[in-house]
Structures are given as structure tokens and as C-alpha cells.
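> sharing a sequence plus its predicted fold:
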Amino acid sequence: QVQLVQSGAEVKKPGASVKVSCKASGYTFTGYYMHWVRQAPGQGLEWMGWISPNSGDTNYAQKFQGRVTMTGDTSISTAYMDLSRLTSDDTAVYYCATLGPTTSLTAAGTDYWGQGTLVTVSS
Amino acid sequence: DIQMTQSPSAMSAFVGDRVTITCRASQGISNYLAWFQQKPGKVPKRLIYASSSLQSGVPSRFSGSGSGTEFTLTISSLQPEDFATYYCLQHNSYPPTFGQGTRLEIK
């Protein structure tokens, strides 16, 4: 069965960087775009970007341009999201998710989500 | 960015009630809309894609409709497991944007 297993919770100081991993299994990793979505405590969902594990192509939300880097390691079917220059506003649960073989979040396909990784930014 | 506005932001209802949640887009998005359900402490789950297509495995009491700027999610007969927060999402253009959520509670 399809599984996305994320790395554990992180506590970081303001100005630091965090790298969250998302290990995929049960499907062809290179066949599906991987999205990253975050959710601040008690708040709604926010799309951050996607990566094509096959080509390495990425598309980031303008809000995160220059601070986020999404990568993939096809040899271990793992996607990564690296966020730099952290502030307290980055405290959130970060999710990886795949919703189908296209970049679209609203087209046909089954959605699979990682369990989420809590990143806390605090001095 | 396209703004997605849900109404109401919160509501309470009885088991068995028919419930409708509305999502309005700040500009036309054709049918590039999805609905997600999220229960407390759980990951989101997509219920509807392309405005009105039911995700496989989702009960038929859920339905979606709309095109352009106005969309609705309807639950025909609320079940205890449906109490959750619901989000709409547009992906007509980048960046994809979510509504602020509608929290559905038991009355």
C-alpha cells in the first residue's frame, strides 16, 4: 500500500534552516509529483510547492521563493523540503502529499499524505 | 493570488441534517476546485475533485457542485464521523489557494 513517512518533529532557532524528509513506498516514486503543504497551529492549509521526482523540476509559491528548496533522491524514494531563515511564523506542521500523476491538486487521482512533521521555531 | 472565501466559518448541525458549505473564488476558476476534510489531529483527505467528482471510497452523501466563482459542498445526511473541518482549494492558477476552512460541529 502507498505510504509517505515523514521525519520527526524539529525545534529550531530563528534564522536556522530545517530539512524535512518524506519517504515514499508502495508506488513508483518518479511517476507522481510531490506537493508540500503546511498548517500553522489552529490555522488553515497553505500550499508551498511541488517537485517532480522524475525530472527534479520544482514550482514554489512566490511567498517561499528564495527560502525553500525541494529535492528528491530517487535511489531511496525520498523527497525533501528545506526551509531556511526560519521565523516564528514558520512554526507549523509540514505535510508531503501526492495527489496523482499531474501537477494538479484538483484533477483525478488518489491523494496520499505523510503523517506531518511539526517544526517549532523558538528562541 | 486567488482568494477563496468559505461560508460559514463554523456551524453546528444534528446527525441526519443536510448541510451545505459555500466557497467563493475572487475570480473565475472554471471547475478547478477540490474539497478536503480534516479531522482533529489527522491529515487532510480529499473528498471531491474537479468541483463535482467524488473521490473513490468517499460516501455518496457527499457531493460538490459549481463552476466559475461559486461552489458548494453538500452532505445529504450528516453522520457522526462527518464532524470535521472542511477546506476548499482552487488550482486554476498558481499558487493553489485554500479557503479558510469551515468547522462543522455537533449540535
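In hand now; what should we look at?
> identify the bridge partners of the most centrally placed residue in chain A.
When CA atoms, centre = their mean is applied to chain A, the residue found nearest the centroid is residue A:36 (3.1 Å). On DSSP bridges, the residues paired with residue A:36 through beta bridges are residue A:49, residue A:96.
> what's the pLDDT at it?
Residue A:36 carries a pLDDT score of 98 in this model.
> check contacts around it.
A:47, A:48, A:49, A:50, A:68, A:70, A:81, A:94, A:95, A:96, A:97 (CB atoms under 8 Å, 6 or more residues apart in numbering or on different chains). For glycine as for every other residue, the C-beta is placed from the backbone atoms N, C-alpha and C.
> distance-wise, check it relative to residue B:26.
Per CB to CB, to the nearest Å, residue A:36 is found 24 Å from residue B:26.
> residue A:119 now?
Separation of residue A:119 from residue B:26 (CB to CB) stands at 30 Å.
> which of the two has more residues huddled nearby?
Between residue A:119 and residue B:26, counted using other CB atoms under 10 Å in any protein chain shown, residue A:119 has the larger neighbour count: 20 against 13.
> my guess is residue A:59 is in a helix, correct?
No. Residue A:59: not assigned to a helix; according to DSSP: H, G, I helix; E, B strand; the rest coil it is strand.
> return the residues in contact with it.
A:49, A:50, A:103, B:94.
> now list the buried members of these.
The neighbour count (16 or more other CB atoms under 10 Å in any protein chain shown) marks A:49, A:50, A:103 as buried among the contacts of residue A:59.
> quick check, the last one in a helix?
No. With three-state DSSP as the criterion, residue A:103 is assigned coil and is not in a helix.
> is it true that it touches residue A:33?
Yes. Counting by CB atoms under 8 Å, residue A:103 does reach residue A:33; the two are 5.2 Å apart.
> ok, which residues in chain A are in contact with chain B?
A:37, A:44-47, A:59, A:61-63, A:95, A:97, A:99, A:104-111, A:113-116 (CB under 8 Å from any CB of the partner chain).
> out of the residues you listed, which end up buried?
Of these, these count as buried by 16+ other CB under 10 Å: A:37, A:44-47, A:61, A:95, A:97, A:99, A:104-107, A:109, A:111, A:113-114, A:116.
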